[in-house]
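J.: have a look; sequence and predicted model below, questions after that.
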Amino acid sequence: MSISFSRRIMLSAIAATALAGTATTAFSQDKITLRMSTPATETDFRSQGLATVFADGVSEFATYEPHYNDTLFKQGTELVAIARGNLDMSITSAQELAKLIPEWSIFTAGYLMRDPEHQRMVFEGDIGQEMYQLVEEKLGVKLLSVMYFGTRQLNLRGDMTINTPEDLAGVNLRMPGTDAWQFLGKALGANPTPMAFTEVYTGLQTGAIDGQDNPMPTDKDKKFYEVTDQIVLTGHLVDMNFLAFSKSVWDDMSEDQQATVMQAAQDASAAITASIVDNEAQLVAFFEGEGLKVYTPDVASFRARAQKMYLESDFSKDWPDGLLERINAVK
Ligand code: KDO
């Protein structure tokens, strides 16, 4: 696919402005530069999938420029940066979206999604279209695709056994810093402590926190197993991320380019989901080999407490009418 002549002229004009320091999307040699910021590492499955499948898919007219480990924007500031025109892309979450659009907090609820397939069907159907539209209208950010990020489990220091939420009383559990994440920590029975993702390893190593929650592929990638003793398979959140894209960059692209970007995002997300599902299946054995205790608690007691707390919370007042039932009915 080649870029049209008139578009090339327009891009050169924008490039001149960018040099003057006022435009934030940089263009070089007729190619759009798509700057992506994430707290994730370069070896994370999402980072890898985007750097290969997405970058290759758009390479005729765009250069994908990822920034890892919070080096460009801090965790949680990416969506506002995109909305203000300072960033082109990020890997965002329902929790980040819920900070800006309260209706989205429904997707932050523990024990809502059943599995990656349920997640995919919800977001690739009517519900996804409606909720993506809300983000576009309210924020000027396009969500291109959903990807499975893994199922979140507890990962703790110490040799206590966690069977029910009561066993987590007083446990300082690091959760990411938004209200929705902190509430999830409380719903599990723990004492949630906010901390940036990039500081968690040191927090565990020094004992500043007693544990953290993440999907097992992330625990492996970040080497959290080196500084913890157990993984409790609560499966409290079938976690997902969305590829967030600047609507103004999108609107400046031709229809062909938009279709190519959309396809590349969906292909990359499908590849990421498949690799995470595959990796998760192997990780219990890996962590046991590293000397961690891995076990399943009384999941029903965690589910019952979390579901009750969410339904009684202020979050649920913002959930669109009937959406919970519609999500549950997707099969
Ligand atoms: C984390 O901070 O624990 C978290 O897993 C939260 C996710 O929503 C997401 O932001 C993720 O970090 C980052 O992408 C880094 O993996």
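T.: Nice, thanks for sending it over. Numbers count the residues shown, from 1 in each chain.

J.: to what extent is Glu60 buried, counted in neighbours?
T.: 13 (other CB atoms under 10 Å). Just so you know, the C-beta spots here come from the backbone N, C-alpha and C atoms, and that holds for glycine as well.

J.: now the residue of the stretch 201-331 of the chain found nearest the ligand, nearest residue through space, not along the chain?
T.: When distances are taken as CB to the nearest ligand atom, the stretch 201-331 of the chain reaches nearest to the ligand at Asn214, 5.0 Å away. Nearest residue to Asn214 in three dimensions, chain neighbours excluded: Arg152, at 6.0 Å (CB to CB, 6 or more residues apart in numbering).

J.: quick check: phi and psi at the closest residue to Ile127 other than its chain neighbours.
T.: Leaving out its chain neighbours, the residue that sits closest to Ile127 by CB to CB, 6+ apart is Arg326, at 6.0 Å. Backbone geometry at Arg326, expressed as degrees, to the nearest 10, gives phi -60, psi -40.

J.: that older thread, make sure the residue of the stretch 201-331 of the chain closest to the ligand is indeed in a strand.
T.: Yes: looking at Asn214 with DSSP: H, G, I helix; E, B strand; the rest coil, it is inside a strand.

J.: give me the neighbour count for Glu137.
T.: Glu137: 10 neighbours (other CB under 10 Å).

J.: model confidence at it, what's the number?
T.: We have a pLDDT of 97 for Glu137.

J.: quick check: it vs Lys186, distance?
T.: Separation of Glu137 from Lys186 (CB to CB, to the nearest Å): 31 Å.

J.: Leu237 is in contact with Ser93, correct?
T.: No: using CB atoms under 8 Å as the test, Ser93 is too far from Leu237 to be in contact (10.2 Å).

J.: tell me which element the residue nearest to Asn214 is part of?
T.: Assessed by DSSP states H and E, Arg152 sits inside strand 141-156.

J.: does that strand reach the ligand?
T.: No: using CB under 6 Å from any ligand atom, strand 141-156 stays clear of the ligand, coming no nearer than 6.7 Å.

J.: can you pull the buried residues of that strand?
T.: 141-156 (16 or more other CB atoms under 10 Å).

J.: look at the residue lying closest to Gln258 once chain neighbours are set aside and give its secondary structure.
T.: Using CB to CB, 6+ apart and skipping the chain neighbours, the partner closest in space to Gln258 is Trp250 (6.2 Å). For Trp250, the assignment made with three-state DSSP gives helix.

J.: report the rounded mean pLDDT for the lengthiest helix in the chain.
T.: Counting residues, the longest helix found in the chain (DSSP state H) is helix 255-289. Averaging pLDDT along helix 255-289 gives 98.

J.: now do stretch 84-94
T.: On average, stretch 84-94 scores 98.

J.: how long is it end to end?
T.: Counting by CA to CA, to the nearest Å, you get 19 Å between the two ends of stretch 84-94.

J.: thinking again about what came up before, need the CA coordinates for the strand holding Arg152. CSV is fine.
T.: Extracted C-alpha coordinates of strand 141-156, given in CSV (Å, rounded to 0.1, in the frame of the first residue of the first chain):
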residue,chain,number,x,y,z
VAL,A,141,-9.2,7.4,21.8
LYS,A,142,-9.9,4.4,19.6
LEU,A,143,-9.7,0.9,21.0
LEU,A,144,-8.5,-1.3,18.1
SER,A,145,-8.6,-4.7,19.7
VAL,A,146,-8.7,-6.8,22.9
MET,A,147,-6.0,-9.2,24.0
TYR,A,148,-5.9,-11.7,26.8
PHE,A,149,-3.3,-10.7,29.4
GLY,A,150,-3.6,-13.8,31.5
THR,A,151,-5.5,-14.7,34.7
ARG,A,152,-4.4,-12.9,37.8
GLN,A,153,-3.3,-15.0,40.7
LEU,A,154,-1.8,-14.0,44.1
ASN,A,155,1.9,-14.2,44.4
LEU,A,156,3.2,-13.9,48.0
